[in-house]
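*Asks:* Model the following, please.
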Amino acid sequence: MVRNLRNSAFGELVSLSALFHDVGKVIRRSGVNKKHAQAGHSFIKDVLGEAGELQYILNVILYHHESKINLEDIMQKNVVNIVKIADHLNAQERYYSEDQPRAWKENIPLLSIMSEIQNIKDNNKPSYKFFDRISELVITPSEVNILFPQKELNSVLGEDDKVVSGISKLVLGGYQAIRNRLRKSLHELKTRGLIREDFILIPFEKLFTYIPSDTTIQPKLSIYPDISLFDHSKMTATFARALYNSLFRN
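*Replies:* Next comes the predicted model:
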């Protein structure tokens, strides 16, 4: 196990742990009745185990939203605190004023970039909001339609601002498929001894590109789930590595 804070391998461990920090959002949204930190911790512990450096990853997942970190190991505390700060910085784009109510809808899909393209094209027409399917990023001739948005806003949210039943079922099924594929991908990487940042990015990009990181949606305030879980995880890992370099390497 890496025990030297100034070792480059420790920096890689910091960014690797940051990549995993929000994996529990997929597990929770697939129907597991736990907070995403607990759901992610249980899932990764079950799939990858808890030996050696996996303890760092598990603790980051479990404690990245906790004000008190119940860890005696100062090295593991350092990693958790670095990722907590990185996550906080990376989430600033979606922070709202204190008097503004939050409206999480875990079964809402990701807002598609195609919405912006359409709005630029038709700038004199009413704004369109399209949503992606919860699906893997698969680019083959038979499945290229996944790259294009599937539903317009009024077919996703009903008059009471609740996600319509049919969409909820599709989203739940999508998350369950992603969860199962994630389990298989991580198991394969573990078997080959490839639980490393560069290899983890491959299934994460494929599985998390069409999943929203934050599921707050308030159309009247122009707040939509427009940041993917892959982008959020990757940027949090980038911030974490930069913080580590600033604090320990330099």
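
*Asks:* Considering only helices and strands, which part of this protein has the lowest mean pLDDT?
*Replies:* Lowest mean confidence among the helices and strands of the chain (mean pLDDT, DSSP states H and E): strand 151-152, at a mean of 58.

*Asks:* Now the element after that strand, going C-ward?
*Replies:* helix 165-191 (DSSP states H and E).

*Asks:* Could you pull out the buried residues of that following helix?
*Replies:* Judged by neighbour count (16 or more other C-beta atoms under 10 Å), helix 165-191 contains these buried residues: 167-168, 170-172, 174-176, 178-179, 182, 185-186, 189. (C-beta placed from N, C-alpha, C; glycine too.)

*Asks:* Check which helices and strands that helix is in contact with.
*Replies:* Judged by 3 or more C-beta pairs under 8 Å, 6 or more residues apart in numbering; DSSP states H and E, helix 165-191 is in contact with helix 24-29, helix 36-48, helix 197-208.

*Asks:* what's the most buried one of those?
*Replies:* Of the helices and strands packed on helix 165-191, the one with the most neighbours on average (mean count of other C-beta atoms under 10 Å) is helix 24-29, at a mean of 24.

*Asks:* Run through the neighbouring helices and strands of that helix.
*Replies:* Helix 24-29 packs on helix 36-48, helix 165-191, going by 3+ C-beta pairs under 8 Å, 6+ apart.

*Asks:* if you skip the residues just before and after it, what's nearest to K190?
*Replies:* Closest residue to K190 apart from its sequence neighbours, by C-beta to C-beta, 6 or more residues apart in numbering: L48 at 5.5 Å.

*Asks:* That neighbour and L186 touch, don't they?
*Replies:* Yes: L48 is within contact range of L186, at 6.1 Å (criterion: C-beta atoms under 8 Å).

*Asks:* Between these two, which contacts overlap?
*Replies:* I195 (C-beta atoms under 8 Å, 6 or more residues apart in numbering).

*Asks:* any idea how far L201 lies from K234?
*Replies:* According to C-beta to C-beta, to the nearest Å, L201 stands 7 Å off from K234.

*Asks:* Touching both of those two, which residues are there?
*Replies:* L19.

*Asks:* Does Q176 touch G31 like I think?
*Replies:* Yes: counting by C-beta under 8 Å, a contact exists between Q176 and G31, whose distance comes to 6.7 Å.
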